[in-house]
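Attaching a predicted model along with its sequence, questions to come.
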Amino acid sequence: MNVQATPAVKAQPKTQPNTQTITGVTHYTDRLFSFRCTRPASLRFRSGEFVMIGLMGDPDPVTGRQKPLLRAYSIASPSWDEELEFYSIKVPDGPLTSKLQHIKEGDEIILRPKPVGTLVHDALLPGKRLWFFATGTGFAPFASLLREPQTFEDYDEIIITHTCRTVGELTYGRDLIEGLKSNELLNEVIGEGFWKKIKYYPTTTREESPKMGRITDLMRSGEAFADLGVEPLCAQNDRAMICGNLAFNLELKDMLEDFGLVEGANSDPQTYVVEKAFLD
Ligand SMILES: Cc1cc2nc3c(=O)[nH]c(=O)nc-3n(C[C@H](O)[C@H](O)[C@H](O)COP(=O)(O)OP(=O)(O)OC[C@H]3O[C@@H](n4cnc5c(N)ncnc54)[C@H](O)[C@@H]3O)c2cc1C
């Protein structure tokens, strides 16, 4: 009898990091880029959550061993996407991003597939109008939620404010919002013209642009509400998600609480949620 040999399956060590392959990279400025990679079939996540990703670190000078260098990253792609997308800062001497900024198609990254986070629909009570407040790469979780049908099913109006230092730093968000108009899945599931529910309010703090200033100042003066043609927030109708640097998050939390909104969590849904875009 001719018995065919079964190919030997190599046992993976338990600590073997889960690696994914880069499928595309786009650079926006000398500080910002985005990339896409393969998605493990087993990875389930809710739009707005984050995971740990990274690269192998430099070899230890004594032992020669390499350890994974991992950082928290919001998944910028929606839960239905076949691939994963991330939107990243380039910190010149940052342990991870000084290397990560050089990745190219075909390279591998490490992904710890344990998604978590509070910028999820489950952590908010039902409402009519949803606000996304972002600075810099804090736009990433909203890039996911803006491509999530539930966002448009659950709310009549979605307002996204994005404050960056320069005009170039707004490009990823602006292109993504423009691209929603031709998003096949959203047009099919929600219906043509769904994107009219979105009001986009980009502002810059350092470079001249049509709207300059910090969103907190523009809200405090009432200018943001006048520009958008909307009423200030009210706890009955408005829900909000915040993702920015620590000072921004704290200032905006105070403002939202003055409007009567209450911070929620996965275990206790309320009227707003907040997450740091990075650790200061
Ligand atoms: C919950 C969570 C989600 C995150 N999601 C993202 C994401 O989607 N995209 C992303 O680029 N980063 C994100 N970060 C930050 C990320 O984890 C790393 O800090 C970043 O990739 C830089 O890594 P690094 O090793 O090069 O430098 P680090 O040693 O981690 O950081 C060095 C310094 O760079 C500054 N810095 C770090 N990240 C940023 C940033 N995003 N924007 C501006 N300044 C920064 C800080 O001052 C920090 O002290 C997230 C952080 C948290 C806690």
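Ah, there it is. Residues are numbered from 1 along each chain as shown.

Around the ligand, pick out the residues from the stretch 51-200 of the chain.
Listed as neighbours of the ligand in the stretch 51-200 of the chain under the rule Cβ under 6 Å from any ligand atom: 71-74, 87-89, 91, 94-98, 136-137, 140. Glycine gets a C-beta too; all of them are placed from N, C-alpha and C.

Quick check on these: which are buried?
Neighbour counting by 16 or more other Cβ atoms under 10 Å classes Arg71, Ala72, Tyr73, Ser74, Tyr87, Ser88, Ile89, Leu96, Thr97, Gly136, Thr137, Ala140 among those as buried.

and those residues, which of them are in strands?
Arg71, Ala72, Tyr73, Ser74, Tyr87, Ser88, Ile89 (DSSP state E).

So what sits opposite the first one in the bridge?
The one in question is Arg71. Going by DSSP bridges, Arg71 is paired in beta bridges with Ile53.

ok, it - contacts?
For Arg71, the set of contacting residues under the criterion of Cβ atoms under 8 Å, 6 or more residues apart in numbering consists of Met52, Ile53, Gly54, Leu96, Thr97.

correct me, but the fourth one touches Leu55?
Yep, that's Leu96 we're talking about. Yes - under the criterion of Cβ atoms under 8 Å, Leu96 is in contact with Leu55, at a separation of 6.7 Å.

Quick check: neighbours shared by those two?
Taking Cβ under 8 Å, 6+ apart as the contact definition, Leu96 and Leu55 share the neighbouring residues Leu69.

any chance you could map the strands in the stretch 51-200 of the chain?
Defined through DSSP state E, counting those that start in this stretch, the strands belonging to the stretch 51-200 of the chain, from first to last, are 68-74, 83-89, 108-116, 129-135, 157-164, 198-204.

could you measure Phe225 against Gly54, distance?
Phe225 sits 41 Å away from Gly54 when distances are taken as Cβ to Cβ, to the nearest Å.

Understood, closing this out.
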